[in-house]
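J.: Just need the structure, nothing else, for what follows:
(one chain, ligands or ions: 2)
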Amino acid sequence: MTFYANDLIDLERYPIHQSGPARDALIAQVQGDLAKDGCAVIKGFLTPKGIAEIANEADSVAHLGHRSFNRTNPYFTKDDPALPGDDPRRQFFDRSNTFIAADNFANQGALRCVHDCDGFDSFIQECLQENRFFRYADPLADVIVNMAEEGNGFPWHFDTNNFTVTLAIQNAEEGGAFEYAPAIRAETENFDEVQKVLEERSDQVTVLNLEPGDLQLFRGRYSLHRVAPLKGARRRYVAIFSYVEEPDMVGAPERTKQLYGRVLPVHLERAGQRADAFID
Ligand SMILES: O=C(O)CCC(=O)C(=O)O
Ligand SMILES: [Fe+2]
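T.: Ligands and ions are numbered 1, 2, ... in the order given. Model prediction:
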């Protein structure tokens, strides 16, 4: 089957491919939301057909996903017994999910049709106002699907990268809200307030119920966030698009192995060529 961006994305409502006042207004809206609380959602970015086709595609490759499980604090650091027991750096939670690596999504498939469509990258770049902005050159990670089901958890954390672009594809039957505490760390780590969030006694948490087809831009480096526990038999699928600040970047071999269960020759060839092991 051949896919056309026009069938999968609601380009009438969101003409990201055409310069003009409608596109300018959309970008201004997204920029305003990002400036306000580090999060912007474009509701119904995909058409119903787009949602169905990408969900089908995810179903067809789900068995190739890599399951991982670990216990982590919000900062992905090791335990430090020198700190008091109630310090947020000492609160560890189960994290488990399955990443379906990018090379499972065919060039002619529905997901890449959206990712590769005319104007998509420049639209995202303008929304984020990032000068240095390149597609992630990692063949396992430029566009992936995060799959999770009941019993899996994506607990409170700060991202290591500056921003994330996600596309909601399918929700679990219940649960799975995206919860975040906007800009909870700015000049300081603000451990007291972070601890309140972890103990579910903060009033700074925004709960976002993303629906299939919604495109989300999120600055997760300063905003503590999680996916609320999932319930029911249906899997949750979220596509994650990655962009980076340097051209030709790929993940570090250890991290790639951890996330996707394997590495490709390109990861080994480029290992050690740069100081930054940007991923996640
Ligand atoms: O699956 C999601 O909605 C968000 C996942 C997330 O927070 C992340 O990948 O860092
Ligand atoms: Fe995150």
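J.: Please name the nearest non-neighbouring residue to whichever residue of the stretch 51-200 of the chain sits closest to ligand 2.
T.: Evaluated by C-beta to the ion, the stretch 51-200 of the chain has D159 as its residue closest to ligand 2, separated by 4.3 Å. Glycine gets a C-beta too; all of them are placed from N, C-alpha and C. Leaving aside its chain neighbours, D159 sits nearest to G220 (3.3 Å; criterion: C-beta to C-beta, 6 or more residues apart in numbering).
J.: Quick check: the one you found is in a helix.
T.: No: under DSSP: H, G, I helix; E, B strand; the rest coil, G220 sits outside any helix and is assigned coil.
J.: Which positions within stretch 114-123 qualify as buried?
T.: V114, H115, C117, G119, F120, D121, F123 (16 or more other C-beta atoms under 10 Å).
J.: F93: which of the residues you listed is nearest?
T.: Nearest to F93 among these, counting by C-beta to C-beta, is H115 at 30.7 Å.
J.: what residues are up against that closest one?
T.: Contact partners of H115, counting by C-beta atoms under 8 Å, 6 or more residues apart in numbering, are D142, V143, F241.
J.: Could you pull up the residues touching E150?
T.: Counting by C-beta under 8 Å, 6+ apart, E150 makes contact with A172, L230, K231, G232, A233.
J.: export those residues to a markdown table and tack on distance to ligand 2, pLDDT and secondary structure?
T.: Formatted as a markdown table, these follow (distance: C-beta to the ion, whole Å; pLDDT from 0 to 100; DSSP: H, G, I helix; E, B strand; the rest coil):
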| residue | distance to ligand 2 | pLDDT | secondary structure |
| --- | --- | --- | --- |
| A172 | 17 | 98 | coil |
| L230 | 16 | 97 | strand |
| K231 | 21 | 97 | strand |
| G232 | 23 | 97 | coil |
| A233 | 25 | 97 | coil |
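J.: what would the residues you listed look like in a markdown table with neighbour count?
T.: Formatted as a markdown table, the contacts of E150 follow (neighbours: other C-beta atoms under 10 Å):
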| residue | neighbour count |
| --- | --- |
| A172 | 21 |
| L230 | 22 |
| K231 | 14 |
| G232 | 14 |
| A233 | 8 |
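J.: how about these, which pair is most distant?
T.: With distances taken as C-beta to C-beta, the most widely separated pair in those is L230 and A233, at 10.2 Å.
J.: From ligand 2, how far out is the residue nearest to D159?
T.: Distance of G220 to ligand 2, given as C-beta to the ion, to the nearest Å: 4 Å.
J.: I figured that residue hits F154, correct?
T.: No: at 11.7 Å, G220 does not count as touching F154 under the criterion of C-beta atoms under 8 Å.
J.: Quickly list what's touching both of L230 and A233.
T.: Residues touching both L230 and A233 (C-beta under 8 Å, 6+ apart): E149, E150.
J.: so what's the residue nearest to D159 up against?
T.: G220 neighbours (C-beta under 8 Å, 6+ apart): G38, H157, F158, D159, N161, F163, T164, Y180.
J.: Other residues contacting the longest helix anywhere in the chain?
T.: Using DSSP state H, we find that the single longest helix of the chain is helix 21-37. When contacts are defined by C-beta under 8 Å, 6+ apart, helix 21-37 is touched by residues 14-16, 39-42, 123, 126-129, 182-183, 206, 217, 219, 223.
J.: picking up where we left off before, next step: the buried residues of stretch 114-123 restricted to strands.
T.: Using DSSP state E, no member of these falls in strands.
J.: near ligand 2, which of those show up?
T.: Among the buried residues of stretch 114-123, none lies close to ligand 2 by the criterion of C-beta under 5 Å from the ion.
J.: Remind me which helix or strand V145 belongs to.
T.: Taking DSSP states H and E as the criterion, V145 maps to strand 143-148.
J.: So which residues on the stretch 1-150 of the chain come close to ligand 1?
T.: Within reach of ligand 1 by C-beta under 6 Å from any ligand atom, the stretch 1-150 of the chain has these residues: N146.
J.: can you give me the strands for the stretch 1-150 of the chain?
T.: Listed in chain order, the strands found in the stretch 1-150 of the chain under DSSP state E, counting those that start in this stretch are 39-42, 66-72, 93-100, 134-135, 143-148.
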